[in-house]
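1. here is a sequence together with a model predicted from it:
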Amino acid sequence: MPVNLFYGAIRLPWWGYAAFTFAMAQLMFLGISLYLHRDQSHGGLVLHPVLRHFFRFWLWFSSGTVTRQWVAVHRRHHAFADRPGDPHSPVVFGLKHVVWHGYGLYVAAARDPKILANYGRGTPDDWLERNLYSRFSKVGISLFALLQLVLFGVPAIAMLGLQLIAQPVAAAVINGLGHRLGYRSFELPTAATNIVPWGILIAGEELHNNHHAFPSSPRFAVQRWEFDMGWLLICVFRALGLARVVSLAPTPNIVRARVELDADTVRALFTNRMHVLRDYRRCVIRPVFRELTKQESTAALPKRSPQLLVRHPKLLDERSRQQVRELLDQYEVLRTVIEFRNRLQQIWEETSASHARALQQLRELCAQAESSSILALRNFALRLRSYAPAARSE
């Protein structure tokens with residue numbers, strides 16, 4: 001094959017170079033999301049050994065990524081999400097620092113022996129890992145760059161530049177913007193958000209809030225209008241016998257005919273507690289606040305009141321907590337709905353200790369809510385009866 005000194009062995013039209021560069025970046029994102037994230041870090045997905053080794057090789061070859069390091073840093077992030085100890089939280093380090101210096105934060109954590117020892121367990125430790133991938137982590141990416149220069153010549157310089165910055169840019173988007181911008185389907189003690197509802201460009205990782213709500217689920221899309229590109233590929237691999245799904249985020253099983261609060265109700269509510277809290281925010285807190293704004297002057301209610309009332313308390317600063325206390329002291333209707341939510345969460349915390357006690361508390365709580373003058377609260381308490389254990393697949 002003749003090699004042109006400028007164009008290398010293969011000359012492509014401009015769109016061919018662009019398509020190749022985009023494809024390489026997407027393959028790297030899929031390797032990170034499916035192999036490092038959903039398979040190795042959380043175990044909700046088990047890829048076929050052939051796929052596991054392909055992605056392990058490809059990530060070493062195209063980005064110099066070492067499996068144990070990436071997994072350990074990510075597990076550490078979940079263990080200390082958005083509090084001191086999180087390797088790359090914008091809440092801890094500031095958004096600007098995470099966006100512009102996120103790679104440095106990752107490298108510092110990846111080189112910490114304690115983080116690797118405590119959070120890197122269960123990752124590959126075979127001969128290839130010890131003697132090639134981990135020992136010579138930069139050899140792969142050097143060969144990757146050399147191969148593209150031979151194939152594409154001078155245009156490969158720009159192509160490589162884009163491919164090599166793709167991973168740190170994507171990490172800045174997810175670890176930085178994914179804890180600041182977007183929408184929150186689930187209120188959590190972490191600031192994680194869903195950046196957009198369609199996870200296409202970064203293999204579904206854009207649905208970051210959903211992932212933090214259900215870390216072990218390899219399907220990041222939870223609501224019907226959300227899309228996870230990584231999950232689409234998982235479905236293809238599963239159909240080919242190349243992947244096995246271990247666990248998924250629960251889907252509420254609503255049985256309208258149920259009228260009794262029993263032990264099954266307690267278990268179903270506990271399993272689906274993230275969905276229950278999301279529905280409570282939508283069906284009770286926000287409607288009650290809207291009704292209150294019709295009765296009170298707009299100036300009397302801070303603009304951020306709805307966000308403050310639904311936000312997880314651990315994410316509120318002292319000024320915000322004081323505003324919440326003032327609202328609850330001033331408006332009995334708000335105090336009632338927030339107390340119901342807090343008591344429901346307390347019941348869940350005690351469910352594992354005693355189902356009988358949890359059932360008794362749930363019945364008492366719902367009875368009080370059903371006798372309330374707050375229509376939205378009454379209706380919600382009645383709907384809780386319809387939660388049933390997940391239907392068994394045949």
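-> All right, it came through fine. Numbering: from 1, shown residues only.
2. name all residues that make contact with residue 31.
-> 55, 58-59 (C-beta atoms under 8 Å, 6 or more residues apart in numbering). C-betas here are computed from N, CA, C, even on glycine.
3. and the residue nearest to residue 271 when sequence neighbours are not counted, how many residues sit next to it?
-> Nearest non-adjacent residue to residue 271, counting by C-beta to C-beta, 6 or more residues apart in numbering: residue 250, 5.1 Å away. By the criterion of other C-beta atoms under 10 Å, residue 250 has 17 neighbours.
4. pretty sure residue 250 is in a helix, no?
-> No. Under DSSP: H, G, I helix; E, B strand; the rest coil, residue 250 sits outside any helix and is assigned coil.
5. I'd say it and residue 275 touch.
-> Yes. Between residue 250 and residue 275 there is a contact under C-beta atoms under 8 Å: 7.3 Å.
6. re earlier: from the contacts of residue 31, pick the one nearest residue 20.
-> residue 58 (15.0 Å; C-beta to C-beta).
7. using CSV, write out the CA atom coordinates for the helix or strand hosting that closest one.
-> Here residue 58, judged by DSSP states H and E, is contained in helix 49-63. Extracted in CSV, the C-alpha atoms of helix 49-63 (Å, rounded to 0.1, in the frame of the first residue of the first chain):
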residue,chain,number,x,y,z
PRO,A,49,-15.6,-12.1,28.5
VAL,A,50,-14.9,-11.3,24.8
LEU,A,51,-16.6,-7.9,25.1
ARG,A,52,-14.9,-7.2,28.5
HIS,A,53,-11.5,-7.9,27.0
PHE,A,54,-12.2,-5.9,23.9
PHE,A,55,-13.2,-2.8,25.8
ARG,A,56,-10.4,-3.2,28.3
PHE,A,57,-7.9,-3.4,25.4
TRP,A,58,-9.6,-0.6,23.4
LEU,A,59,-9.6,1.8,26.3
TRP,A,60,-5.9,1.1,27.0
PHE,A,61,-5.1,1.5,23.3
SER,A,62,-7.2,4.6,22.6
SER,A,63,-7.0,6.6,25.9
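8. which positions within that helix qualify as buried?
-> By neighbour count on 16 or more other C-beta atoms under 10 Å, the buried set for helix 49-63 is 51-52, 55-56, 58-63.
9. need the contacts of residue 31 in JSON lines (columns: pLDDT).
-> Listed next are those as JSON lines, based on pLDDT from 0 to 100:
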{"residue": "55", "pLDDT": "98"}
{"residue": "58", "pLDDT": "97"}
{"residue": "59", "pLDDT": "97"}
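10. out of the residues you listed, who's nearest residue 367?
-> Closest to residue 367 out of these is residue 55 (53.6 Å), distances taken as C-beta to C-beta.
11. for residue 38, see how far away that closest one is.
-> 11 Å (C-beta to C-beta, to the nearest Å).
12. strands along the stretch 1-150 of the chain, start to end?
-> In the stretch 1-150 of the chain, the segments counted as strands under DSSP state E, counting those that start in this stretch are 45-47.
13. ranges for the helices of it?
-> Remark: helices assigned in the stretch 1-150 of the chain by DSSP state H, counting those that start in this stretch are 14-30, 49-63, 67-79, 90-93, 95-110, 113-119, 127-128, 139-152.
14. which of the ones you listed sits closest to residue 167?
-> Between the helices of the stretch 1-150 of the chain, helix 49-63 lies closest to residue 167; by C-beta to C-beta that is 5.4 Å.
15. give me the contacts around that closest one.
-> 24, 27-28, 30-32, 34-36, 39, 47, 65-67, 124, 129, 132-133, 137, 140-141, 143-144, 163-164, 167, 237, 242-243.
16. any stretches of the stretch 151-300 of the chain with poor pLDDT?
-> Residues of the stretch 151-300 of the chain that meet the criterion pLDDT under 70 lie in 297-300.
17. mind listing the strands for it?
-> Using DSSP E, counting those that start in this stretch, strands in the stretch 151-300 of the chain cover 198-199, 227-228, 243-245, 253-254.
18. how far does the first one sit from its chain's centre?
-> Put simply, strand 198-199 sits 12 Å off its chain's centre (C-alpha atoms, centre = their mean, to the nearest Å).
19. residues contacting that strand, please?
-> Contacts for strand 198-199 (C-beta under 8 Å, 6+ apart): 205-207, 220-221, 226-230.
20. so which of those residues wins on neighbours?
-> residue 207 (31 neighbours).
21. settle this for me: it is touching residue 193, isn't it.
-> No. In this structure residue 207 lies outside contact range of residue 193 using C-beta under 8 Å: 9.4 Å.
22. so how do I select the buried members of the contacts of helix 49-63 in PyMOL?
-> One line in PyMOL is enough to select the buried ones among the contacts of helix 49-63; burial here means 16+ other C-beta under 10 Å:
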select buried, resi 24+27+28+30+31+32+34+35+36+39+47+65+66+67+124+129+133+137+140+141+144+163+164+167+237+243
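23. in helices, which of the contacts of strand 198-199 fall?
-> 229-230 (DSSP state H).
24. turn the contacts of strand 198-199 into CSV, including distance to residue 358.
-> Below are those laid out as CSV (distance: C-beta to C-beta, whole Å):
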residue, distance to residue 358
205, 36
206, 36
207, 31
220, 30
221, 31
226, 31
227, 36
228, 33
229, 39
230, 36
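25. and which of the contacts of strand 198-199 is nearest residue 188?
-> residue 207 (13.5 Å).
26. and the closest one, bridged to which residues?
-> residue 194 (DSSP bridges).
27. can you name the residues that contact it?
-> 194-195, 197, 199, 220-222, 226, 228.
28. and the residues you listed, which is closest to residue 356?
-> Relative to residue 356, and with distances defined as C-beta to C-beta, the nearest of these is residue 222, at 31.4 Å.
29. domain ranges for the protein?
-> 14-245, 254-388 (automatic domain parsing).
30. who's in contact with residue 212?
-> Applying C-beta under 8 Å, 6+ apart, the residues contacting residue 212 are 78, 81, 186, 188, 190, 192.
31. in TSV: the residues you listed, plus distance to residue 329 and neighbour count.
-> Listed next are those as TSV, based on distance: C-beta to C-beta, whole Å; neighbours: other C-beta atoms under 10 Å:
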residue	distance to residue 329	neighbour count
78	36	15
81	31	20
186	28	21
188	26	18
190	28	25
192	31	25
